[in-house]
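J.: Predicted model and sequence follow; I will ask about them next.
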Amino acid sequence: MAVENVPHFVHTVAPVVNHYGYLAVGILLFIEDFGVLVPGETTLVATALFAGLGHLNLFVVMVVALTACFAGDNIGYLIGRYGGHPLIERYGKYIFLPPKRFAKAERLFNRHGAKIVFVARFINGLRETNGIIAGVSKMGWRTFSTFNFIGALLWVITWSMIGYFGGSHIILFIRFGTYITIVTIITFIGYVVYERIADRQTLKE
């Protein structure tokens, strides 16, 4: 595959995608989803871009990406579930989850549960660690896997479409994807605020 037409922002992963194709997106998204900090989002966009240039099949890219995301997050869940708090206390700093930061994240998961799992897919930092946090928080596996799958599906579709159809206008498409992410986060924050107001009114009554 030629990489000359790949935009500058994907140059860091373009050689890997160029050489390994589907395997690249599968491995990188898989390890990203249980705490390894790799450019997963960029990898998916780059791979879909190659598909748009006719070098790969978009449907296969999306299936591989979704499978890797779902499997990686579930590995993270198992690590958190069986490693528990001692694991975070010992190794959390290596995935940017020191005890204080993890405590805040755990409270968020305990309060909002499945909604966090869905939104986490669109937030850098949480995307890589949401499975581990959910596991340590003892969230039910069925609940976690369901909302994780839905979030991963929407995330893969969004960024795959951006990479595939972006072409020479890829930067504009990425901005559109960023707006989707921002709207998702703002909607979630609005819901949280509404929920808290409703709880306070219930207590007053």
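T.: Yes, it's here.

J.: Okay, now the unreliable bits of this protein?
T.: 1-12, 167-177, 179, 181, 183, 185, 188-205 (pLDDT under 70).

J.: Return the set of buried residues in the host helix or strand of residue 161.
T.: Using DSSP states H and E, residue 161 sits within helix 141-166. The neighbour-count check on helix 141-166 (16 or more other Cβ atoms under 10 Å) flags 144-145, 147-149, 151-153, 155-156, 158-164, 166 as buried. Yep, even glycine has a C-beta here, placed from its N, CA and C like the rest.

J.: Enumerate every residue touching the closest residue to residue 152 other than its chain neighbours.
T.: Leaving aside its sequence neighbours, residue 152 sits nearest to residue 69 (Cβ to Cβ, 6 or more residues apart in numbering; 4.0 Å). The contact partners of residue 69, taken as Cβ atoms under 8 Å, 6 or more residues apart in numbering, are 29, 30, 33, 121, 152, 155, 156.

J.: what do you get for residue 95?
T.: 35, 36, 37, 128, 129, 132.

J.: what's the distance between it and residue 42?
T.: Applying Cβ to Cβ, to the nearest Å, the value for residue 95 to residue 42 is 19 Å.

J.: and what of residue 128?
T.: From residue 128 to residue 42 the distance is 14 Å (Cβ to Cβ).

J.: higher neighbour count, those two?
T.: residue 128 (25 against 20; other Cβ atoms under 10 Å).

J.: The more buried one: helix or strand, and which one exactly?
T.: Residue 128 belongs to helix 126-136, assigned by DSSP H and E.

J.: coming back round to it: packing partners of the helix holding residue 161?
T.: helix 40-52, helix 58-91, helix 114-120, helix 126-136, helix 170-204 (3 or more Cβ pairs under 8 Å, 6 or more residues apart in numbering; DSSP states H and E).
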